[in-house]
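Undergrad: Need coordinates for the following:
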Amino acid sequence: MTELPSFDRLLWLAENDPKKLDALQKKLNQQVIEESAASSRPKLISLLDHLEKKLSLCKTPYQRYHLVSNMMYQKLSSLNEVLNRPDEFYQHKAKVLSFNSAEQNAATKTAR
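TA: Modelled structure (predicted):
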């Protein structure tokens, strides 16, 4: 895994070469995803895509910080709920409804 530069170097990159800092971030993100369990990769890729889209709307570093901080807080809060109240968490199951086309409905009725 790529070694993270010192804080001072990261600060310098943020102030003087933000594109290089962005490239480092993308490289580290990809490495984390590649080194994760295969079952976790699709969720991580989706999360990263979602995060990148939201970050692209931010105009200042503070907005980016606030956005990431809120996302992390929400995930931590969800995890806290699952760990402290697992019964409540598992009671909230979604009912999956199938939407059949008119052709499928007609075929189902004739099969009966």
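Undergrad: Per the annotation, how does this protein divide into domains?
TA: Following automatic domain parsing, one gets these domains for the chain: 1-57, 60-112.
Undergrad: could you point out where this protein is predicted with low confidence?
TA: 102-112 (pLDDT under 70).
Undergrad: got JSON lines for the domains of the chain, with mean neighbour count too?
TA: All C-beta spots, glycine's among them, are computed from the backbone N, C-alpha and C. Below are the domains of the chain laid out as JSON lines (neighbours: other Cβ atoms under 10 Å):
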{"stretch": "domain 1-57", "mean neighbour count": "12"}
{"stretch": "domain 60-112", "mean neighbour count": "9"}
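Undergrad: neighbouring contacts of the longest helix belonging to the chain?
TA: Identified as the longest helix of the chain according to DSSP state H is helix 61-84. Under the criterion Cβ atoms under 8 Å, 6 or more residues apart in numbering, residues 14, 51, 54, 55, 58, 88, 89 lie in contact with helix 61-84.
Undergrad: again, 6 Å this time
TA: By Cβ atoms under 6 Å, 6 or more residues apart in numbering, the surrounding residues in contact with helix 61-84 are 54, 55, 58, 89.
Undergrad: From residue 64, how far out is the last one?
TA: Note on residue 89: its distance to residue 64, by Cβ to Cβ, to the nearest Å, is 30 Å.
Undergrad: same deal with the first one?
TA: With distances taken as Cβ to Cβ, residue 54 is found 9 Å from residue 64.
Undergrad: And for the second one?
TA: Relative to residue 64, residue 55 is positioned 6 Å away (Cβ to Cβ).
Undergrad: Just the element for the one residue sitting closest to the centre of the chain, please.
TA: By Cα atoms, centre = their mean, the mean C-alpha position of the chain lies nearest to residue 47, the distance being 1.6 Å. Using DSSP states H and E, residue 47 sits within helix 41-56.
Undergrad: That'll do, ta.
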